[in-house]
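# sequence and predicted structure below; questions after.
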Amino acid sequence: MRSGTVFTQGLRQAVGGSPFWTVEAVRQVRYHVVSSNGLFEPGNTALLTGCPDAPLHPGDRRLVVIDQNVDALYGADMCAWFTAHGVDATVVPLRADEAVKQWDAVSTVVDAMNDFGIDRRREPVLAVGGGVLTDVVGFAASLYRRGTPYIRIPTTLIGLVDAGVGVKTGVNYERGKNRLGTYAPATATFLDRSFLRSLSLRHISNGLAEILKMALIRSEDLFVLLESRGAAVRADRLQGTTEDLSRAADAIIAESIHLMLEELQPNLWESALERCVDYGHTFSPTLEMHALPELLHGEAVVIDMALTTALATLRGDVTEAQAQRIYDVIRALGLPLWNEVLDDPALLDDALRDTVRHRDGQQRLPLPVGIGRHRFVNDVTPAELRDAARLLRGHAEGHVSSAGALVPEQVGA
Ligand SMILES: O=C(CO)[C@@H](O)[C@H](O)[C@H](O)[C@H](O)COP(=O)(O)O
């Protein structure tokens, strides 16, 4: 062995007389999720000192890729903040919605990194926008020189509670949702819910869908909070305009993120494919891409959850009363129960087949058990899916009795 070369003990072995080598290494991962409202208010220093692994100093340069809509609303405040703190920011506005979450957007970000002449270690790219923007920038950064650090500043609710706190990056490829991507955590994500004040209620609901997901599979307490305060918190855009609404918004966001991180941390690279956070993501990737741009991500997820709640009801895992509470909360959060994509049984079968490919040959389908718990199943049949869709349609149209039976004109519809 050459001096200075470190091998794990027993790493070089002779097999049939021919040498072979096995290299094993463990990569330490550490990333931070930091809450601070009003990031670009003059006195806020969270971006300077809030993250120990990504300090920002006067005289530093930063490439800032920002959603073009966010730039129109907050770009001037952001630039004033950088100037006030002596940071030389190059701002690149980017269109970032599901329809353009494609490879071309990645090239645009890579071009910007090239033009900026980014320092591979010391100049993290800042991604300011919703989940699409942070996924695209994270993907570009993870590819650039095989990995350049980046920092996320989510400006949508779905960005705050879902896309912003995990390690996934990516873009769609043709009709494949997030078909290209990497596991590449941002050095830090800065959560600032004051951005939500200008978000449309439809996009607030879009984020609430992922929060509801965490509630349905992990926490009845979070579900009860959504049931009692969800509609008011939505109408308030999580701004906390009263003390009570502030407490509720803080609790909903913090609990949802905490549960998500508890699930992600032990399985960051998804070596285990039974992931309860995949709830609502079995049929939705295909449905969302099929309906593009009609359904937002969270809307597709909630339709998937409504369908699988009906499926769990038919299996006896969720009672009719529990299903009714779930559907009431979905409506109260301004989310759809039904979409015509569910009318196409072949599409649901295709969706399940694609997910089976994504989950290494098995359905590994998380299903709710009551409210706040789940189990995984591998035996959902096309006929069962059709029955579940029929039951859900009955709920959506108000044709289900309190005992859970379809009223006669709907049976066999
Ligand atoms: O992994 C996370 C967040 O990082 C999930 O909670 C998130 O909702 C994911 O998008 C879904 O689980 C779907 O994952 P995938 O099908 O894109 O692998």
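Looks like it came in fine. Source: prediction; values computed, not measured.
# the nearest residue to R61 once chain neighbours are set aside: neighbour count?
Closest residue in space to R61, ignoring its immediate chain neighbours: D88 at 4.5 Å, by C-beta to C-beta, 6 or more residues apart in numbering. (C-beta placed from N, C-alpha, C; glycine too.) Using other C-beta atoms under 10 Å, the number of residues around D88 comes to 11.
# now swap in H399 and tell me
With other C-beta under 10 Å as criterion, H399 counts 17.
# ok so, going back, now the residue nearest to R61: how far from G59?
8 Å (C-beta to C-beta, to the nearest Å).
# same question for A321.
62 Å.
# the residue nearest to R61 is in contact with P58, isn't it?
No - contact criterion C-beta atoms under 8 Å: D88 and P58 do not qualify, at 9.7 Å.
# check the secondary structure at the residue of the chain found nearest the ligand for me.
Of all residues in the chain, G166 sits closest to the ligand, at 2.1 Å by C-beta to the nearest ligand atom. Secondary structure, DSSP: H, G, I helix; E, B strand; the rest coil: G166 is coil.
# same thing with P19?
P19 is classified as strand under three-state DSSP.
# count the residues that sit near it.
8.
# what pLDDT does it get?
You'll see P19 listed with a pLDDT of 82.
# wait, the residue of the chain closest to the ligand touches E263, no?
No - in this structure, G166 is not within contact of E263 by C-beta under 8 Å, at 9.5 Å.
# which of the two has more residues huddled nearby?
G166 (20 against 17).
# quick one: contacts for the more buried one?
185, 260, 264 (C-beta atoms under 8 Å, 6 or more residues apart in numbering).
# same thing but 7 Å
L264 (C-beta atoms under 7 Å, 6 or more residues apart in numbering).
# next one: G370
318, 322.
# which pLDDT value does the model give it?
On the pLDDT scale, G370 gets 98.
# got the residues of the stretch 201-350 of the chain near the ligand?
277-278, 281, 285 (C-beta under 6 Å from any ligand atom).
# show me the protein divided up by domain.
32-199, 203-410 (automatic domain parsing).
# now for those domains, which one comes closest to S18?
domain 203-410 (29.7 Å; C-beta to C-beta).
# burial measure for the closest residue to P366 other than its chain neighbours, as a count.
Leaving out its chain neighbours, the residue that sits closest to P366 by C-beta to C-beta, 6+ apart is Y279, at 4.3 Å. The tally of other residues near Y279 (other C-beta under 10 Å) stands at 23.
# ok, now how distant is Y279 from V302?
11 Å.
# next, the distance between the ends of stretch 392-402.
Chord length of stretch 392-402, first to last residue, is 14 Å (C-alpha to C-alpha, to the nearest Å).
# ok, residues contacting it?
306-307, 310, 327, 337-338, 342, 406-407, 410.
# now with 10 Å?
303, 306-311, 313, 320-321, 323-324, 326-327, 330-331, 336-339, 342-343, 391, 404-411, 413 (C-beta atoms under 10 Å, 6 or more residues apart in numbering).
# show me what the strand or helix carrying E262 is packed up against.
E262 belongs to helix 243-264 when assigned by DSSP states H and E. Judged by 3 or more C-beta pairs under 10 Å, 6 or more residues apart in numbering; DSSP states H and E, the packing partners of helix 243-264 are strand 32-35, helix 157-158, strand 188-191, helix 201-218, helix 220-235.
# elements contacting the next helix or strand after that helix?
Scanning forward in sequence from helix 243-264 by DSSP H and E, the next helix or strand is helix 284-291. Contacts defined by 3+ C-beta pairs under 10 Å, 6+ apart place helix 284-291 against strand 171-173, strand 176-180, helix 297-314, helix 345-358.
# among those, which is nearest L48?
strand 171-173 (31.2 Å).
# any idea which of the helices and strands packed on helix 243-264 is most buried?
helix 157-158 (a mean of 28; mean count of other C-beta atoms under 10 Å).
# so does that helix get close to the ligand?
No - counting by C-beta under 6 Å from any ligand atom, the ligand has no neighbours in helix 157-158; the shortest distance is 9.0 Å.
# which secondary structure elements does that helix contact?
By 3+ C-beta pairs under 10 Å, 6+ apart, helix 157-158 packs against helix 131-143, helix 201-218, helix 243-264, helix 297-314.
# can I get the ones you listed in a markdown table with mean pLDDT?
Below are the helices and strands packed on helix 157-158 laid out as a markdown table (pLDDT from 0 to 100):
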| stretch | mean pLDDT |
| --- | --- |
| helix 131-143 | 98 |
| helix 201-218 | 98 |
| helix 243-264 | 98 |
| helix 297-314 | 98 |
